[in-house]
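Asker: with the sequence up front, the predicted model follows.
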Amino acid sequence: MPWFYLVVAGLIEIVWAFAMKQSAGFTRLGPSLVTLAGMAGSFGFLALAMRSLPLGTAYTIWTGIGAVGAFAVGIIALGEAASLMRFVAAALIVAGLALMMAAEA
């Protein structure tokens, strides 16, 4: 169950990061509220995962899911640059996450 909580926390992190971008520096109420609720939910699920998983593993995977997910959302939803170097960087993050997970298995 802790891995499930961790994945949910990471996915919610992507939501709040996108909402934060849409909030225009917290000047738009709706996206600002989604950001704050998403942060609370993401932190809550991360805390549940950390009951069983080591801090370093849980935090690294949580931030990695958020980083790669925000990268993908930026390209897909916001039209951000999709260069080869950015994809290689994202692939390296995913490889690091896989190694971190394998180390816990």
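Answerer: The structure has been received and is ready for your questions.
Asker: test my guess that residue 104 contacts residue 57.
Answerer: Yes: with contact defined as C-beta atoms under 8 Å, residue 104 reaches residue 57; the gap is 5.4 Å. (Glycine included, C-beta is placed from N, CA and C.)
Asker: more crowded one of those two?
Answerer: residue 57 (19 against 13; other C-beta atoms under 10 Å).
Asker: so what's the more buried one up against?
Answerer: Going by C-beta atoms under 8 Å, 6 or more residues apart in numbering, residue 57 touches 100-101, 103-104.
Asker: kindly recompute the last result at 10 Å.
Answerer: Counting by C-beta atoms under 10 Å, 6 or more residues apart in numbering, residue 57 makes contact with 2-3, 6, 49-50, 97, 100-101, 103-104.
Asker: make JSON lines from those residues and add pLDDT to it.
Answerer: Listed next are the contacts of residue 57 as JSON lines, based on pLDDT from 0 to 100:
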{"residue": "2", "pLDDT": "94"}
{"residue": "3", "pLDDT": "94"}
{"residue": "6", "pLDDT": "97"}
{"residue": "49", "pLDDT": "97"}
{"residue": "50", "pLDDT": "97"}
{"residue": "97", "pLDDT": "92"}
{"residue": "100", "pLDDT": "88"}
{"residue": "101", "pLDDT": "86"}
{"residue": "103", "pLDDT": "86"}
{"residue": "104", "pLDDT": "78"}
